[in-house]
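Colleague: when you get a sec, could you give me coordinates for this:
(chains A and B)
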Number of protein chains: 2
Amino acid sequence: MKCGVSPIIGFRFSLYPMAANFVEVIKGALEQTDTSNVWMHTDDVSTVIRGKQVHVFNVAKAICLHAAKTGEHIAMSGTFSAGCPGDTAGDVYLEKGDEVANIDTTKQYVSSQFALYPMNNPDYMDVIYQEVDRAKERGVFNESMHYASGIHGDIHDVFAFYEESFTHARSEQHKHLVMTVSMSINSPSHGGR
Amino acid sequence: MKCGVSPIIGFRFSLYPMAANFVEVIKGALEQTDTSNVWMHTDDVSTVIRGKQVHVFNVAKAICLHAAKTGEHIAMSGTFSAGCPGDTAGDVYLEKGDEVANIDTTKQYVSSQFALYPMNNPDYMDVIYQEVDRAKERGVFNESMHYASGIHGDIHDVFAFYEESFTHARSEQHKHLVMTVSMSINSPSHGGR
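Modeller: Numbering: from 1, shown residues only, chains lettered A, B, ... in the order given. Alright, predicted model coming up:
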């Protein structure tokens, strides 16, 4: 497992279009997204993007939103990571400015689930409870469940919460943070919109 | 977030068929699997199964294998959890015997990625490196990558490794363990089989 000692943020994810033309939907979403602010690599199972936090979340949301616009039922599942001990490849992207490359305010309902794993932190459960409270305050909390929490609403509110939560669940003392997210869009199963 | 103080194991996952008849593939795989040894609940984003470790892994593999048999490109992404502080719903399933309910030796190539998160354990990186070495010894290691490790091979070898690794990466002292897995089957992108 390769990680990074730098302030670089990573998101390893897969985009799953529940459609016969899944290759076209995935490639289209990647092509329509401006990924110039992040380091990106795709293999046969997933894609990883790495860089400054603001760009990693911006690119992740843009890919998701472009795929959603096909109208197909799509899902995005992945893991955000910060502060993982290891290598530092891709650090050049930390020199990018803070202006995001993808601006698209199209509304899109998302039903999702997330879990936070603050590593090597004896108070990690307190951190988790605090972020679940934050979701309730932000109006995106859906429901409690085993091993995760349900987060839903407009894609912009959902991603804003995830970025805010990811910022607050780590600290100088506890740098290594992992956050898993599983998002579902255009699903026939959504009842909560 | 609800978890369990008991020795119960949980797996929250989503099955993603990249096909127009995704509902049929998902429902078919769930119906063809004997889930009588686990507690199961499905919502609009994922499914959670909970019970004794042997049955949780057996049911997960069976669902995956049944879906693979449709010939469609399918993916399964999820999180195995043990020892999470919290509630104890579903503990009645711990009284089940150890005989697995699903036996199917059909060969199936799987390309996957996994990450281990031993919680509140200062030596967690050593645990991770040890399990990556185990993957190499078992012949299922594919490649190193940011935030995860590539694991591939026949579905039975891959699941056997995952169950063995999940057993060894936790201890009486460090009970809370999380393992994320992302599996891909019948993909046009697989080159490693």
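
Colleague: return the distance of stretch A:32-39 from the chain's centre.
Modeller: Offset of stretch A:32-39 from its chain centre (CA atoms, centre = their mean, to the nearest Å): 15 Å.

Colleague: residues in contact with that stretch?
Modeller: Contact with stretch A:32-39 is made by A:49-52, A:55-56, A:58-59, A:62-63, A:66, A:89-90, A:92-93, A:96, A:100-102, as judged by CB atoms under 8 Å, 6 or more residues apart in numbering or on different chains. Placement of C-beta: from N, CA and C, glycine included.

Colleague: in helices, which of the residues you listed appear?
Modeller: A:55-56, A:58-59, A:62-63, A:66 (DSSP state H).

Colleague: skip the chain neighbours and tell me the closest residue to A:F114.
Modeller: Excluding the flanking residues, the one nearest A:F114 by CB to CB, 6 or more residues apart in numbering or on different chains is A:V181, at 4.7 Å.

Colleague: what is the one you found paired to in the beta sheet?
Modeller: For A:V181, the beta-bridge partners under DSSP bridges are A:G78, A:F114.

Colleague: test my guess that it contacts A:Y162.
Modeller: Yes: between A:V181 and A:Y162 there is a contact under CB atoms under 8 Å: 6.3 Å.

Colleague: which neighbours do those two share?
Modeller: Overlap of the contact sets of A:V181 and A:Y162 (by CB under 8 Å, 6+ apart) consists of A:80, A:114.

Colleague: now do A:C3, the pLDDT please.
Modeller: If you check A:C3, the pLDDT there is 54.

Colleague: wait, is A:D157 part of a strand?
Modeller: No: applying DSSP: H, G, I helix; E, B strand; the rest coil, one finds A:D157 to be helix, outside a strand.

Colleague: which residues are in contact with the residue lying closest to it once chain neighbours are set aside?
Modeller: Nearest residue to A:D157 in three dimensions, chain neighbours excluded: A:V140, at 5.5 Å (CB to CB, 6+ apart). By CB under 8 Å, 6+ apart, A:V140 lies in contact with A:151-153, A:157-158, A:161.

Colleague: ok, A:V140 to A:A19 distance?
Modeller: 27 Å (CB to CB, to the nearest Å).

Colleague: what's the pLDDT at A:D91?
Modeller: With respect to pLDDT, A:D91 has a value of 72.

Colleague: oh, I was asking about A:I8
Modeller: What the model reports as pLDDT for A:I8 is 89.

Colleague: count the residues that sit near the closest residue to it other than its chain neighbours.
Modeller: Spatially, and ignoring its direct neighbours in sequence, A:I8 is nearest to A:R50 (5.5 Å; CB to CB, 6+ apart). By the measure other CB atoms under 10 Å in any protein chain shown, the count of residues near A:R50 is 25.

Colleague: also A:A160?
Modeller: Per other CB under 10 Å, the neighbour tally for A:A160 reads 16.

Colleague: who's in contact with it?
Modeller: Contacts for A:A160 (CB under 8 Å, 6+ apart) come out as A:R138.

Colleague: just the element for it, please.
Modeller: Assigned by DSSP states H and E, A:A160 belongs to helix A:155-168.

Colleague: what comes up buried for that helix?
Modeller: A:155-163, A:165-166 (16 or more other CB atoms under 10 Å in any protein chain shown).

Colleague: for it, what is the average pLDDT?
Modeller: Mean predicted confidence for helix A:155-168 is 98.

Colleague: again with stretch A:62-81
Modeller: Mean predicted confidence for stretch A:62-81 is 98.

Colleague: list the buried ones in it?
Modeller: A:62-70, A:72-81.

Colleague: mind checking the end-to-end distance for it?
Modeller: In stretch A:62-81, first residue to last residue: 19 Å (CA to CA, to the nearest Å).

Colleague: so the helix or strand where A:R12 lies versus strand B:9-17, what angle?
Modeller: Using DSSP H and E, A:R12 maps to strand A:9-17. Here the directions of strand A:9-17 and strand B:9-17 differ by 50 degrees (axes from the mean of the first three to the mean of the last three CA atoms, to 10 degrees).

Colleague: what lines up beside strand A:9-17 in the sheet?
Modeller: strand A:47-51 (antiparallel), strand A:74-82 (antiparallel).

Colleague: got a list of what the closest residue to A:A75 other than its chain neighbours touches?
Modeller: Of all residues not flanking A:A75 in the chain, A:Y16 sits nearest, at 4.4 Å (CB to CB, 6+ apart). Going by CB under 8 Å, 6+ apart, A:Y16 touches A:22, A:74-77, B:16, B:18, B:75, B:77.

Colleague: same question for A:S111.
Modeller: Taking CB under 8 Å, 6+ apart, we find A:S111 in contact with A:142, A:150, A:152, A:183-185, A:187, A:190, A:192-193, B:44-45.
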